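[1] Build the 3D model from these lines:
(4 chains)
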Protein chains: 2
Amino acid sequence: MDSPVQANEIMKILERSWIFRNFPEQDKKDLVANSSLVRYNNRDVLFKQKTRTSHVMFIVKGLVKIYKENVSNRPVMLKIISGDHFAGLDTLFAEPVYQYSASSIGETTILIMDFGTFNNLLMSNGRFALDVIRLLSKESLYIFTRLNSQIHKQLPGRVADVLLYFSEEIYQSYEFEFPLARHELAELAGTTKESFIRTINEFKHDKIIQLEGRRVKIVSLDIVRILSDLG
Amino acid sequence: MDSPVQANEIMKILERSWIFRNFPEQDKKDLVANSSLVRYNNRDVLFKQKTRTSHVMFIVKGLVKIYKENVSNRPVMLKIISGDHFAGLDTLFAEPVYQYSASSIGETTILIMDFGTFNNLLMSNGRFALDVIRLLSKESLYIFTRLNSQIHKQLPGRVADVLLYFSEEIYQSYEFEFPLARHELAELAGTTKESFIRTINEFKHDKIIQLEGRRVKIVSLDIVRILSDLG
DNA sequence: GGACAATGGTGATCTATATCATCATTTTTT
DNA sequence: AAAAAATGATGATATAGATCACCATTGTCC
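    Predicted structure coming up:
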């Protein structure tokens, strides 16, 4: 089992998280007893598509990239998950094997929970179940909009989406550093490395953004928004 | 309130459905008391994007088409829902307004349930909550694969997907009738009417399928599969 | 029963973006 | 410190499929 030091740390994490905070004391203890805290380096694989689903992964610190791999060896990045959220929930409940892969972006801390325990809590704790339902719902809706964008927006619109995604969803700042290489950003925009680079560099030349390596500053937010809206 | 005749009918429906069948008697009665059965004609709108979410819609008979409308007036069909499933669950839990529209395909019967009642049942009935979680999960995963296809498959692959979708998911038969016009099938394949028509007519000329108006017969299932797999 | 809209279809043209090739820097590995 | 791999970038070229413009049938509505 886990050392008391870790147990203590896990309890603190649960108490900080919006989703577990209000759990009954006993439920929290159950979770602590059946979880472990694992630290990952940049680009470590958390789980791989087609392997058996096993545990619930709750992201404590850092970012996790979720991507689908296919025969053509051209992955699609489905989403980036940040702290206080789960990785792989949907697969866990619907399929015996993971439907996508996950890997860490930067130094990442994951709380790995026993699926059985998690399930029991869901069954007994209605509030919790509703929260999980809400999380899954939001996820569905996010991918709906991605699909819509992929079908109808052209590249500048989708690149603008990526900029807004990082600045608004991930970093809450209009100045930030891409945590990913260009080819990964391209996967997120549903295009190729080359096309992504060309498009974002055009944004730079048009002074819509400042761009120095991975460092970005959105200069004309309104133009980025227009590009995103009009596709 | 509802007439006893309808109450009786609703109870029968609940008893036939995989999801409500094993509910405690009292829960079923609650549902019956707070639901109503509504019949829709072909192409009736069940709910419209951006209107306030209100009720849970459980499809009893028929099909429902879920689609996103956007400025460009080019809808994307997200999915088709068939009997024994819900329409709009994800939006209901995540947002105050519908994130997409829904309309009936053919004659359709919907059991409209009060959201409050539904919510209470979710909270008190853990099995039910888990079932709903599973449904939402599957939905997410389905759209993930759609997104993946949209990014990496070219048209013949996506048209093959549409054929397989109807034959395997909807009708469980390799001979069936499209319930939709060509332009709607195109929306489902993420393309334009013209391109869809050209591609599916090529399938016909290549004797991969038989096609007479909306009547289809998949002749070479293996080729359709290969087209779908290799994109 | 005539008008108007919706549907299925085909050809010609255009263009956004994928693809291929190549290269200079930077980073990582040995 | 050298070798190998990853990254960001740019130019040339090819092409899948969107767009535009029609048309013939069929269906629907005053």
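[2] quick one, strands of chain A?
    Remark: strands assigned in chain A by DSSP state E are A:35-40, A:45-47, A:55-68, A:76-81, A:86-87, A:101-114, A:175-177, A:209-212, A:215-218.
[3] who does the first one touch, helix- and strand-wise?
    Using 3 or more CB pairs under 8 Å, 6 or more residues apart in numbering or on different chains; DSSP states H and E as the contact criterion, the secondary-structure elements in contact with strand A:35-40 are helix A:4-16, strand A:101-114. C-beta here means a position set from N, CA and C on the backbone, and glycine is covered the same way.
[4] okay, the ones you listed in JSON lines with mean neighbour count and distance to B:L155 next?
    Listed next are the helices and strands packed on strand A:35-40 as JSON lines, based on neighbours: other CB atoms under 10 Å in any protein chain shown; distance: least, CB to CB, whole Å:
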{"stretch": "helix A:4-16", "mean neighbour count": "15", "distance to B:L155": "48"}
{"stretch": "strand A:101-114", "mean neighbour count": "20", "distance to B:L155": "27"}
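[5] Quick one: those as TSV, columns for mean pLDDT too.
    Listed next are the helices and strands packed on strand A:35-40 as TSV, based on pLDDT from 0 to 100:
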stretch	mean pLDDT
helix A:4-16	92
strand A:101-114	96
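[6] what's the closest of the ones you listed to DNA strand C?
    With CB to the nearest atom of the strand, the closest approach to DNA strand C among those belongs to strand A:101-114: 11.8 Å.
[7] Quick check: neighbours of the closest one in the sheet, parallel or antiparallel?
    strand A:35-40 (antiparallel), strand A:45-47 (antiparallel), strand A:55-68 (antiparallel) (DSSP bridges).
[8] about what we covered before: turn the strands of chain A into JSON lines, including distance to B:N125.
    Formatted as JSON lines, the strands of chain A follow (distance: least, CB to CB, whole Å):
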{"stretch": "strand A:35-40", "distance to B:N125": "26"}
{"stretch": "strand A:45-47", "distance to B:N125": "30"}
{"stretch": "strand A:55-68", "distance to B:N125": "22"}
{"stretch": "strand A:76-81", "distance to B:N125": "29"}
{"stretch": "strand A:86-87", "distance to B:N125": "22"}
{"stretch": "strand A:101-114", "distance to B:N125": "23"}
{"stretch": "strand A:175-177", "distance to B:N125": "44"}
{"stretch": "strand A:209-212", "distance to B:N125": "50"}
{"stretch": "strand A:215-218", "distance to B:N125": "47"}
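[9] is it possible to export the helices and strands packed on strand A:35-40 to a markdown table including distance to B:S149?
    Shown next, in a markdown table, are the helices and strands packed on strand A:35-40 (distance: least, CB to CB, whole Å):
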| stretch | distance to B:S149 |
| --- | --- |
| helix A:4-16 | 38 |
| strand A:101-114 | 18 |
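[10] now the residue most central in space within chain A: how far from DNA strand D?
    Nearest to the geometric centre of chain A sits A:I81, at 1.4 Å (CA atoms, centre = their mean). To DNA strand D, A:I81 is 20 Å away according to CB to the nearest atom of the strand, to the nearest Å.
[11] How about A:T192?
    For A:T192 relative to DNA strand D (CB to the nearest atom of the strand), the value is 9 Å.
[12] near DNA strand C, which residues of chain A show up?
    Applying CB under 7 Å from any atom of the strand, we find that chain A lies next to DNA strand C at A:154-156, A:190-192, A:194-195.
[13] one step back: among the strands paired with strand A:101-114, show me which one is buried the most.
    The highest mean neighbour count among those, using mean count of other CB atoms under 10 Å in any protein chain shown, belongs to strand A:55-68: a mean of 21.
[14] related to what we said a few turns ago, can you list the helices and strands packed on strand A:35-40 in TSV and add distance to DNA strand D?
    Shown next, in TSV, are the helices and strands packed on strand A:35-40 (distance: least, CB to the nearest atom of the strand, whole Å):
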stretch	distance to DNA strand D
helix A:4-16	30
strand A:101-114	12
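[15] got the contact list for the residue lying closest to the residue nearest to the centre of chain A once chain neighbours are set aside?
    Nearest residue to A:I81 in three dimensions, chain neighbours excluded: A:V64, at 4.6 Å (CB to CB, 6 or more residues apart in numbering or on different chains). A:V64 is in contact with A:46, A:57, A:80-82, A:87, A:102-105, A:108, A:110, counting by CB atoms under 8 Å, 6 or more residues apart in numbering or on different chains.
[16] try it again with 6 Å
    Going by CB atoms under 6 Å, 6 or more residues apart in numbering or on different chains, A:V64 touches A:81, A:87, A:102, A:104.
[17] With A:S137 instead?
    Here A:S137 is in contact with B:90, B:93-94 (CB under 6 Å, 6+ apart).
[18] interface residues of chain A facing chain B?
    A:68, A:72, A:74, A:76, A:78, A:90, A:93-94, A:99, A:123, A:126, A:129, A:133-134, A:136-141, A:143-144, A:146-148, A:150-152, A:190 (CB under 6 Å from any CB of the partner chain).
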